[in-house]
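Engineer: pasting the sequence and the predicted model now:
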Amino acid sequence: MAALLMPRRNKGMRTRLGCLSHKSDSCSDFTAILPDKPNRALKRLSTEEATRWADSFDVLLSHKYGVAAFRAFLKTEFSEENLEFWLACEEFKKTRSTAKLVSKAHRIFEEFVDVQAPREVNIDFQTREATRKNMQEPSLTCFDQAQGKVYSLMEKDSYPRFLRSKMYLDLLSQSQRRLS
């Protein structure tokens, strides 16, 4: 039986190790995931807009190219689940149908909050348990505490590293070169 499982385990390990060999934080990685076609999107991104992302984390999150750049950066750090959870919560808050609210809440909880979730976010035990309790009667605010913790973590930890990253500095440099 163990011999049958070995090839699958090795394949999974190769896949994970392959990700490490492709880890990069260059601007080319950012352009590959822009919401629009990369060249057109980069042409539309002004130096002023990209520079404003350094004003505050909220400014970065309010700009679709800012979110795309931050997501690309988080992927290089293997922590994009934080942003994905935060975005899922923002979208969840727009839910108007009670039936959809319950199913969306459970999907978000199972994907990001539950212990051993596929994209488990880094929150403390008390927050996880409070969110679990909120799942008994999901509401538009059931993820607020967990979302706040994840936001704070990104703002204090990932966001400053993003602003110092080669990816962000290359992006600023490219947008400034287009102006000259």
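Structural biologist: Thanks, I have the structure now.
Engineer: so what's Arg128 up against?
Structural biologist: For Arg128, the contact set (CB atoms under 8 Å, 6 or more residues apart in numbering) comprises Val113, Asp114, Val115, Ala146. For glycine as for every other residue, the C-beta is placed from the backbone atoms N, C-alpha and C.
Engineer: check which helix or strand covers the spatially most central residue of the chain.
Structural biologist: Nearest residue to the geometric centre of the chain (CA atoms, centre = their mean): Leu83, 2.7 Å. For Leu83, the host element (DSSP states H and E) is helix 80-92.
Engineer: quick revisit: surely the residue nearest to the centre of the chain meets Phe73?
Structural biologist: No. If you go by CB atoms under 8 Å, Leu83 and Phe73 don't touch, sitting 9.4 Å apart.
Engineer: returning to what we had before: what is the mean pLDDT for the helix holding Leu83?
Structural biologist: In this model, helix 80-92 has a mean pLDDT of 98.
Engineer: pull the number of nearby residues for Leu163.
Structural biologist: Other residues within reach of Leu163, judged by other CB atoms under 10 Å, total 15.
Engineer: got it, and Ser79?
Structural biologist: Neighbours of Ser79 (other CB under 10 Å): 17.
Engineer: ditto for the one 5 residues further on
Structural biologist: Using other CB under 10 Å, Glu84 has 18 neighbouring residues.
Engineer: before we move on, what about the one 5 residues further on?
Structural biologist: Residues near Cys89, counting by other CB under 10 Å, number 21.
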